[in-house]
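Student: pasting the sequence and the predicted model now:
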Amino acid sequence: MPEMSAAKDGSAAGGRVIARGYAWGQCPGRPTSGGRCLILQEAIVRVHDISVALHVPEPWRPVPDEDHLRWSHPTGARLVAKVRAGDRTRLELTCLPAESVAHLPPPTVTLDSEHPLVGWLAGASAEVVALTPSGPVHAVQRRGFCSGTLAELGLFPEPLVVAPGHPLTSHWVVERLPGDLLTLPPEPDWVPGARYLADGEELELCCPDGVVTGVGFQECDDGFRLVDRPGLHVAEVGGPTGITRLEVGWFADWRLLLAGARARAEGDLWCYLTSLCAQPDLDELDVRLAQALEEPTLWAVLAAGQAVGLGLIDWEQARRAAERTLPTLDLPGKLALVARGLAEVGCVVGERLGARAYEGLARFGFGRLVTGYPDGAERELLPVRFWLAGLGEGPLGVRVGAMLARASARARCRASETFDPQAVAWLSLEP
């Protein structure tokens, strides 16, 4: 494929087009006939540490233009991409109609950065945040419709149908805000701060002129009170600009969560979850735990630690099993043993606790609005808890504590619908 031409004046970071190359190649996730499409490759626009790549499938064809990026379609429809660089960079993609109704293959965008990206891609509302050492880069959809993922972002409703006299536009504003690696931009005013609640609690949604579907609700003077069964739900909130998908959730009582996960567990994991029950079957636990400790795993060792209090095993046996298992564990596993007193804190000396905790927060979007749940990432919250314990009660500790609280509540909501034994086991290690 031909190489891209790039800007040489160093101004790309503020929102300058830095690539204008066209080439035929594979179009990830959106194969057309033959699996090939016309791609405007590399980072078309580099905006404050976010790379924006626009993918335009065939039969769109590029049209030469000195000022903007343009494509035409055999139906007569046109695509125009504009970049207005500055402290508040504006990115605009417009689909101009033909003389008759046209069904068109939609363009997609890929967003990338060397910094963590948090994307809320929710229809009429969308925001993307890149957390950088010099403060967050905040991209907000001001007009349009957004769906998909950061790797394949749709900017128009699908199917893409454009009628005469009704052009479609996607308009984003991107700016860098002051702060540090853990500074988050404020969320939209109408979005509730507490979105993940205990079963039975009402979630207040202040949007008096809107409509809500997808979850149970009661209307009130200021908007709606939402309440639904345990789990994560998508509330579809309708307003003047369209429908926004907002994730909300409720988590089950811990005893119900534990019982549901235990019913799905096997082997060592069953032993551990059973050892947490208020009145476990001691005879069955004794037999199955003995089998699990023949080749001890993390969950077998943690079950042994719990079984000491049940009179099934002595503490030295549990500690010896922990010593055998410790060399096989990664950081979350070691911290699990430390949390239960089965290993000394010295076993994690030299581990990059802060970096691992930051990565764990990133998996959960730092507690911010985010699209998609990171199944299997519950274990990553344990390093965050240990890191938080060392931060104290200063401003940084308060910020990290709020992020962790929301991530943990969200994880419990997810576990309340999946009853995933691994997820529940990791969540049980909360202090």
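Tutor: Yep, that arrived. Numbers count the residues shown, from 1 in each chain.
Student: from here on, just use CA atoms for contacts and neighbour counts.
Tutor: Will do.
Student: what residues of the helix ranked longest in the chain count as buried?
Tutor: The longest helix of the chain (DSSP state H) is helix 395-418. Using 16 or more other Cα atoms under 10 Å as the burial criterion, the residues of helix 395-418 that qualify are 397, 399-401, 403-404, 406-418.
Student: same question, stretch 139-159
Tutor: Along stretch 139-159, these residues count as buried under the neighbour rule (16+ other Cα under 10 Å): 139-150, 152-156.
Student: which residues touch it?
Tutor: 29, 103-112, 119, 121-129, 168-175, 241, 371 (Cα atoms under 8 Å, 6 or more residues apart in numbering).
Student: ends of it, how far apart?
Tutor: 25 Å (Cα to Cα, to the nearest Å).
Student: how far does it sit from the chain's center?
Tutor: The chain centre lies 16 Å from the centre of stretch 139-159; the measure is Cα atoms, centre = their mean, to the nearest Å.
Student: hmm, who's touching stretch 98-115?
Tutor: Contacts for stretch 98-115 (Cα under 8 Å, 6+ apart): 49-58, 75-78, 130-132, 150-156, 158-164.
Student: span of it from start to end?
Tutor: 40 Å.
Student: circling back to that earlier point, what's the ChimeraX line that selects buried ones from the contacts of stretch 98-115?
Tutor: The ChimeraX command for the buried members of those (criterion: 16+ other Cα under 10 Å) is given here:
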select :49,50,51,52,53,54,55,56,57,58,75,77,78,130,131,132,150,152,153,154,155,156,161,162,163
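Student: surely residue 412 and residue 253 touch.
Tutor: No - the criterion here is Cα atoms under 8 Å, and residue 412 misses it with residue 253 at 9.7 Å.
Student: look at residue 139 and tell me its secondary structure.
Tutor: Classification of residue 139 by DSSP: H, G, I helix; E, B strand; the rest coil places it in strand.
Student: not counting sequence-adjacent ones, nearest residue to it?
Tutor: residue 174 (4.2 Å; Cα to Cα, 6 or more residues apart in numbering).
Student: what bridges to the one you found?
Tutor: Residues in a beta bridge with residue 174, per DSSP bridges, are residue 89, residue 139.
Student: so what's the residue count around it?
Tutor: 25 (other Cα atoms under 10 Å).
Student: buried residues of stretch 86-105, list them for me.
Tutor: Using 16+ other Cα under 10 Å as the test for burial, stretch 86-105 gives 86, 88-98, 102, 104-105.
Student: ok so, going back, buried members of the contacts of stretch 139-159 into ChimeraX, please.
Tutor: Per 16+ other Cα under 10 Å, the buried members of the contacts of stretch 139-159 correspond to this ChimeraX selection:
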select :104,105,106,107,108,109,110,111,112,119,121,122,123,124,125,126,127,128,129,168,169,170,171,172,173,174,175,371
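Student: among the contacts of stretch 139-159, which are located in strands?
Tutor: 103-104, 108-112, 119, 121-122, 125-129, 168-175 (DSSP state E).
Student: element containing the residue nearest to residue 345 when sequence neighbours are not counted, please.
Tutor: Closest residue to residue 345 apart from its sequence neighbours, by Cα to Cα, 6+ apart: residue 338 at 6.0 Å. If you go by DSSP states H and E, residue 338 is part of helix 331-339.
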